[in-house]
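Engineer: here's a sequence, model it:
(2 chains)
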Amino acid sequence: MANPIALLLREQYSTPVQQRETSKLGMWIFIMTEIMLFGGLFLAFSVYRMSFPQAFVKGSADMSIVLGSINTAVLICSSFTMALAVYSAETGNRRMLTVFLIATMILGLVFLGIKFTEYYQHYLQHEAPAVWFDHTGPDSGHLEMFFVLYFLMTGLHAVHMLVGEGILTAMVIRNHRGSFSADYYTPVEISGLYWHFVDIIWVFLFAIFYVEGLHLHKL
Amino acid sequence: MTHAISRKTYLFTFLGLLGLTLSTTLLGFVDMGPFNMIAAVGIAACKACLIAAFFMHALIEAKVIRVVLTGGVIWFLILISFTLSDYISRSW
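Structural biologist: Sure, this is the predicted structure:
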């Protein structure tokens, strides 16, 4: 039977601190590549927004600000519970770690549910590019471009959320099996980094898609 | 191990983020022309800084991690600003 302390420290590292710092550095570098992935899409949005401002304001006015704002709040709550999950791991509180991980997952699923409700509403309003899009008028092509970017960017974000759900499921299982303690919780910590990063992406998506046409809403 | 970031700090960060979300939504109802987008993205940047600094512990991480983070953000800004400077100046 191997020594549990030896299991915590892989042979290529001198100290547990070095091992932990290396894992975190790796995750941060991955997050930077993700910034580049989403960055290209944010760039595409900026260029089209500059080229067709009227159509993009019009498209933004068709967003549901209520669902969008609620979703932003839900995701911020999930980031808060994720931060508390990492805190519980840090203090070696395994029960609360499970509670907060599951709370984070539930909030993530609520977010996805609301997101797909929005997609369905856009579909019913014939605002699904290439599937069912009929808007007429001089701007219709540019408006379609707005929705192409909307579905592409929020869709890619939703895929990241699904991946996050999978990662958190793995963390719940590993915690249940007793893999984590106050001495070793690096996987929980870097899962948290991923989750918070996905939250940051949404914060920007909310800002660029939902807000600009808001003053055109008739309340 | 001591906790560099307390639960109280997390709570204030969380409340700050909710407040900024509310202000984004409310500001959107005021017609400020192109400044609507600028204000929304500006507030989003503040929220991103809050999340990175406190939830992601960027403030207290090792220097090398902060270098990676800063480098990534700078490359992203180069991507956006150089491309847009081309598009903006084409009509000049």
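Engineer: break chain B into its domains for me.
Structural biologist: Per automatic domain parsing, the domain ranges recorded for chain B read B:1-60, B:62-92.
Engineer: out of the ones you listed, nearest to A:His135?
Structural biologist: For A:His135, the closest of these is domain B:1-60, at 22.0 Å, according to C-beta to C-beta. All C-beta spots, glycine's among them, are computed from the backbone N, C-alpha and C.
Engineer: does chain A sit close to the closest one?
Structural biologist: Yes: Domain B:1-60 comes into contact with chain A (C-beta under 8 Å from any C-beta of the partner chain), by way of B:1, B:3, B:5, B:7, B:10-11, B:13-14, B:17-18, B:21-22, B:24-25, B:27-31, B:34, B:36-37, B:40-41, B:43-44, B:47-48, B:51-52, B:54-56.
Engineer: sorry, back to before: just say which of the domains of chain B is most tucked in.
Structural biologist: Ranked by mean neighbour count, the domains of chain B are led by domain B:1-60 with a mean of 17 (mean count of other C-beta atoms under 10 Å in any protein chain shown).
Engineer: burial of A:Met171, as a residue count?
Structural biologist: A:Met171 sits with 24 neighbouring residues when counted by other C-beta atoms under 10 Å in any protein chain shown.
Engineer: quick revisit: possible to save the domains of chain B as CSV with mean pLDDT?
Structural biologist: What follows is the domains of chain B, written out as CSV (pLDDT from 0 to 100):
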stretch, mean pLDDT
domain B:1-60, 92
domain B:62-92, 93
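Engineer: can you list the ones you listed in JSON lines and add distance to A:Gly164?
Structural biologist: What follows is the domains of chain B, written out as JSON lines (distance: least, C-beta to C-beta, whole Å):
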{"stretch": "domain B:1-60", "distance to A:Gly164": "14"}
{"stretch": "domain B:62-92", "distance to A:Gly164": "20"}
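Engineer: residues making contact with stretch A:58-65?
Structural biologist: With contact meaning C-beta atoms under 8 Å, 6 or more residues apart in numbering or on different chains, stretch A:58-65 is reached by A:118, A:121-122, A:125, A:127, A:139, A:143, A:146-147, A:150, A:209-214, A:216-217, B:25, B:28.
Engineer: how about the nearest residue to the spatially most central residue of chain A, chain neighbours excluded?
Structural biologist: The C-alpha lying nearest the average C-alpha coordinate of chain A belongs to A:Val198 (C-alpha atoms, centre = their mean; 2.8 Å). In this structure, A:Val198 finds its nearest non-sequential neighbour in A:His160, 4.8 Å apart by C-beta to C-beta, 6 or more residues apart in numbering or on different chains.
Engineer: do I have it right that that neighbour meets A:Ile201?
Structural biologist: Yes: in this structure, A:His160 is within contact of A:Ile201 by C-beta atoms under 8 Å, at 7.2 Å.
Engineer: ok so, going back, pull out the buried members of the contacts of stretch A:58-65.
Structural biologist: A:118, A:122, A:127, A:139, A:143, A:146-147, A:150, A:209-214, B:25, B:28 (16 or more other C-beta atoms under 10 Å in any protein chain shown).
Engineer: wait, which of those is closest to A:Phe42?
Structural biologist: For those, the minimum distance to A:Phe42 (C-beta to C-beta) is 11.3 Å, reached by A:Phe209.
Engineer: give me the element that closest one is part of.
Structural biologist: helix A:186-210 (DSSP states H and E).
Engineer: check contacts around the residue nearest to the centre of chain A.
Structural biologist: Counting by C-beta under 8 Å, 6+ apart, A:Val198 touches A:His157, A:His160, A:Met161, A:Gly164.
Engineer: narrow these to just the buried residues.
Structural biologist: Counted by 16+ other C-beta under 10 Å, the contacts of A:Val198 give A:His157, A:His160, A:Met161, A:Gly164 as buried.
Engineer: which neighbouring elements make contact with the longest helix seen in chain B?
Structural biologist: Longest helix in chain B, counting residues (DSSP state H): helix B:63-89. Applying 3 or more C-beta pairs under 8 Å, 6 or more residues apart in numbering or on different chains; DSSP states H and E, one finds that helix B:63-89 makes contact with helix A:16-51.
Engineer: do a quick rundown of the strands in chain A.
Structural biologist: Assigned by DSSP state E, the strands in chain A fall at A:127-128, A:132-133.
Engineer: what does the first one rub up against?
Structural biologist: It stands for strand A:127-128. A:Asp62, A:Tyr119, A:His122, A:Phe133, A:His135, A:Phe147, A:Phe151.
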